[in-house]
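Colleague: the amino acid sequence is not available; the structure is as follows:
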């Protein structure tokens, strides 16, 4: 077996001596490289800081919000539109709005009638049907106002309607437009339209609900 060339042996010897001197110099240098350190490892991200704790004026932690994170409190629901009995009443109500009049549901009319302020004159009911129909039965305390015979009662109705906080006009109900005509009469003679409402269900809805009925002249008593 041949011996390695002399030049190769000398090169290895020189390399070993140089490596030893380099390691020794690095160890003695305070800024030298750390032999065991992995200089190629990616640094781990620092942990996220906890959210700040809300505190009250006295320094105590504020109570936790009952709303779960990621969710927002729902906005309050909008007030529901007045509910009319059926499509026919709804169509009449829409027609009244188009003509600048305020339609009322049956529930609104009953609420106004049963309000203690009604007896003090806060709400004035006006019956727009024919005189004979009014005499056969009407909402207690209602004033008669036949659009086709205004001369019979217009002056009396105007005397109280102009100062009434609320005027509710009705006729038979639904497709009956006598209440609409009477309401327009009142507006034309100076009653503020913002205080006039048309009871869409009218006399039909009133009697169907079994509500009080007055017969004869206004202020009369039924049988």
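Modeller: Yep, it's here. All figures in this text were calculated on a predicted structure; none of them were measured in a lab.

Colleague: residue 122: what's it in contact with?
Modeller: 115, 164-166 (CB atoms under 8 Å, 6 or more residues apart in numbering). Quick note: C-beta positions are derived from backbone N, CA and C, even for glycine.

Colleague: burial measure for residue 108, as a count.
Modeller: 17 (other CB atoms under 10 Å).

Colleague: circling back: pick out the most distant pair among the contacts of residue 122.
Modeller: Taking CB to CB as the measure, those span a maximum distance of 13.3 Å, between 115 and 164.

Colleague: domain assignment for this protein?
Modeller: By the assignment in automatic domain parsing, the chain contains the domains 1-32, 87-208.

Colleague: tell me where the protein has strands.
Modeller: 102-104, 123-127, 143-144, 166-170, 196-199 (DSSP state E).

Colleague: can you pull out the helices in this structure?
Modeller: Taking DSSP state H, the helices of the chain run over residues 6-28, 87-98, 106-114, 131-136, 154-161, 178-188, 202-208.

Colleague: hmm, residue 180 is touching residue 97, no?
Modeller: No: counting by CB atoms under 8 Å, residue 180 stays clear of residue 97, with 11.3 Å between them.

Colleague: who has more neighbours out of those two?
Modeller: Between residue 180 and residue 97, counted using other CB under 10 Å, residue 180 has the larger neighbour count: 21 against 12.

Colleague: before we move on, the earlier item: least confident of the helices of the chain, on average?
Modeller: With a mean of 61, helix 6-28 has the lowest mean pLDDT of the helices of the chain.

Colleague: ok, back up a step: what do residue 115 and residue 164 both touch?
Modeller: Common neighbours of residue 115 and residue 164 (CB under 8 Å, 6+ apart) are 122-123.

Colleague: closest to residue 216 out of the strands of the chain?
Modeller: It's strand 143-144; of these, that one is closest to residue 216 (CB to CB) at 11.3 Å.

Colleague: residues in contact with that closest one?
Modeller: Strand 143-144 is contacted from outside by 124-127, 129, 131, 134, 138, 152-153, 156-157, 160-161, 218, using CB under 8 Å, 6+ apart.

Colleague: hmm, which of the residues you listed are the buried ones?
Modeller: Neighbour-count burial (16 or more other CB atoms under 10 Å) applied to the contacts of strand 143-144 gives 124-127, 129, 134, 138, 153, 157, 161, 218.

Colleague: point out the least confident member of those residues, please.
Modeller: residue 218 (93).

Colleague: just to check, residue 176 is in contact with residue 200?
Modeller: No: counting by CB under 8 Å, residue 200 is not a contact partner of residue 176; they are 9.4 Å apart.

Colleague: okay, the two: which has more neighbours?
Modeller: Between residue 176 and residue 200, counted using other CB under 10 Å, residue 200 has the larger neighbour count: 31 against 18.

Colleague: kindly provide the distance from that one to residue 175.
Modeller: 10 Å (CB to CB, to the nearest Å).

Colleague: okay, and the common contacts of those two?
Modeller: Common neighbours of residue 200 and residue 175 (CB under 8 Å, 6+ apart) are residue 92.

Colleague: what residues are up against residue 201?
Modeller: 84-85, 89, 105-106, 109, 170, 173-174.

Colleague: out of the residues you listed, who's the most crowded?
Modeller: Most surrounded of those: other CB under 10 Å gives residue 170, at 30 neighbours.
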